[in-house]
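Q: Based on what follows, work out the 3D shape:
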Amino acid sequence: MTSIDIQALNNMLGAGDAPVLLDVRRKADYEATPQKITGAVWRDPENIDRWVKDLPSDRPVVLYCVKGGPVSQSSVERLRREGLNAVWVEGGLKAWIEGGHPVQAVQPKPYSIQPADIDLLRKAGVSEADIDHSVKVAEKALEIAARTHADLDMELVGRGALFHDLGKARTHEIEHGKVGAEMGLALGLPNAVTAVMEKHIRGGLTSEEAVELGLPVKDYTLGSLEERIIIYADRLVDIITDGIVAIQAEEEAEARFEEILQTIPKYGKNDRTLERYLGYHREIQGLLAG
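A: Okay, here's the model as predicted:
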């Protein structure tokens, strides 16, 4: 048996030896419907390789997603390969709610930089100087994201910024973005986070620029506001910490951003890169002023 219906789950939860109950809805679905089966713990299915090892082997594990579809089913298959007694709930949370069974409200927690992620950078071989830079970028990105009041994935903003230079554990050359993405996938980081690593080089290359730089030919355009905030924060932190420009306060880096990039080649790089960064600056400052 690899699945159970909601009545069987209700019986199990009322028994003395209740199972481990996991909500494995995708993050977007979990946040869109801020309810869960009473007693359930949410686990991100994209990070299953990280949390599967923490599950007890002596208790049954019950997983549910939105409707009992591929997310919970594939997660159960993964747990069973680890030797766990895992089943998924037919009909998922939808069937549970429609059946009149108890749910509890999900209280969203504000994202903060996790010490475990910093340890992961350190274990991967990232230098302390690069870790310090990455933490500053994550802090700045989270600060800017909060100020926009936009509906953003703050975990992506924070973790994408924190891990953006993971590839510098192996090289500081321009291919460190590609290397970092490969390392991130091997570490089990979410695809959205590894995408930031690969795409942050020069603020989101076109496929033509990738050819010129000898990188894999693809479009590295920054498609989400979260990605653009991260890259904007990265450049701001460079300006604030490099010591090339005399900055009295961090706010001055934003106020003088266009002037600095247009006059200092280290930050503007070339015409195409400059145009991208100025576009991000104007977009984000427009949100901040709104």
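Q: How far does stretch 95-105 sit from its chain's centre?
A: The chain centre lies 29 Å from the centre of stretch 95-105; the measure is C-alpha atoms, centre = their mean, to the nearest Å.
Q: buried ones in it?
A: Residues of stretch 95-105 classed as buried under the neighbour-count rule (16 or more other C-beta atoms under 10 Å) are 95-97, 101. Where C-beta positions appear, they are placed from N, C-alpha and C, glycine not excepted.
Q: What about those residues, which are in helices?
A: Here DSSP state H is the test, and the buried residues of stretch 95-105 give 95-97 as lying in helices.
Q: Can you tell me which of the residues you listed is closest to residue 11?
A: residue 96 (13.2 Å; C-beta to C-beta).
Q: Give me the neighbour count for residue 232.
A: 25 (other C-beta atoms under 10 Å).
Q: Ignore what I typed, I meant residue 272.
A: When counting by other C-beta under 10 Å, one arrives at 14 neighbours for residue 272.
Q: what do you get for residue 132?
A: The number of residues packed near residue 132 is 11, by other C-beta under 10 Å.
Q: Would you mark the buried spots in the helix or strand hosting it?
A: Residue 132 belongs to helix 128-148 when assigned by DSSP states H and E. For helix 128-148, a neighbour-count test (16+ other C-beta under 10 Å) marks 130-131, 133-142, 144-145, 148 as buried.
Q: what comes up buried for the helix or strand where residue 184 lies?
A: Assessed by DSSP H and E, residue 184 sits inside helix 176-187. Of all the residues in helix 176-187, those buried under the rule 16+ other C-beta under 10 Å are 176-184, 187.
Q: now it, how far from the chain's geometric center?
A: With C-alpha atoms, centre = their mean, you get 14 Å for helix 176-187.
Q: quick one on the thing from earlier: tilt between the helix holding residue 132 and helix 176-187?
A: Helix 128-148 and helix 176-187 are oriented at 90 degrees to each other (axes from the mean of the first three to the mean of the last three C-alpha atoms, to 10 degrees).
Q: which other helices and strands contact helix 128-148?
A: helix 115-124, helix 154-163, helix 225-242, helix 271-289 (3 or more C-beta pairs under 8 Å, 6 or more residues apart in numbering; DSSP states H and E).
Q: Give me the contacts around it.
A: By C-beta atoms under 8 Å, 6 or more residues apart in numbering, the residues outside helix 128-148 that reach it are 111, 113, 118, 121-122, 126, 152, 154, 157-165, 168-169, 225-226, 229-230, 232-234, 236-237, 240-241, 250, 284, 287-288.
Q: With just CA atoms, put it into PDB.
A: Written as PDB, here are the backbone C-alpha positions of helix 128-148 (Å, rounded to 0.1, in the frame of the first residue of the first chain):
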ATOM      1  CA  GLU A 128      35.900  33.900   4.600                       C
ATOM      2  CA  ALA A 129      36.300  37.100   2.500                       C
ATOM      3  CA  ASP A 130      33.800  35.800  -0.100                       C
ATOM      4  CA  ILE A 131      31.400  34.600   2.600                       C
ATOM      5  CA  ASP A 132      31.500  38.000   4.200                       C
ATOM      6  CA  HIS A 133      30.700  39.600   0.800                       C
ATOM      7  CA  SER A 134      27.900  37.100   0.200                       C
ATOM      8  CA  VAL A 135      26.300  37.700   3.600                       C
ATOM      9  CA  LYS A 136      26.400  41.500   3.000                       C
ATOM     10  CA  VAL A 137      24.700  41.000  -0.400                       C
ATOM     11  CA  ALA A 138      22.000  38.800   1.200                       C
ATOM     12  CA  GLU A 139      21.400  41.400   3.900                       C
ATOM     13  CA  LYS A 140      21.200  44.200   1.400                       C
ATOM     14  CA  ALA A 141      19.000  42.300  -1.000                       C
ATOM     15  CA  LEU A 142      16.600  41.400   1.900                       C
ATOM     16  CA  GLU A 143      16.500  45.000   3.000                       C
ATOM     17  CA  ILE A 144      15.700  46.300  -0.500                       C
ATOM     18  CA  ALA A 145      13.100  43.600  -1.100                       C
ATOM     19  CA  ALA A 146      11.300  44.500   2.200                       C
ATOM     20  CA  ARG A 147      11.300  48.200   1.200                       C
ATOM     21  CA  THR A 148       9.600  47.500  -2.100                       C
END
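Q: Right, I'll leave it there.
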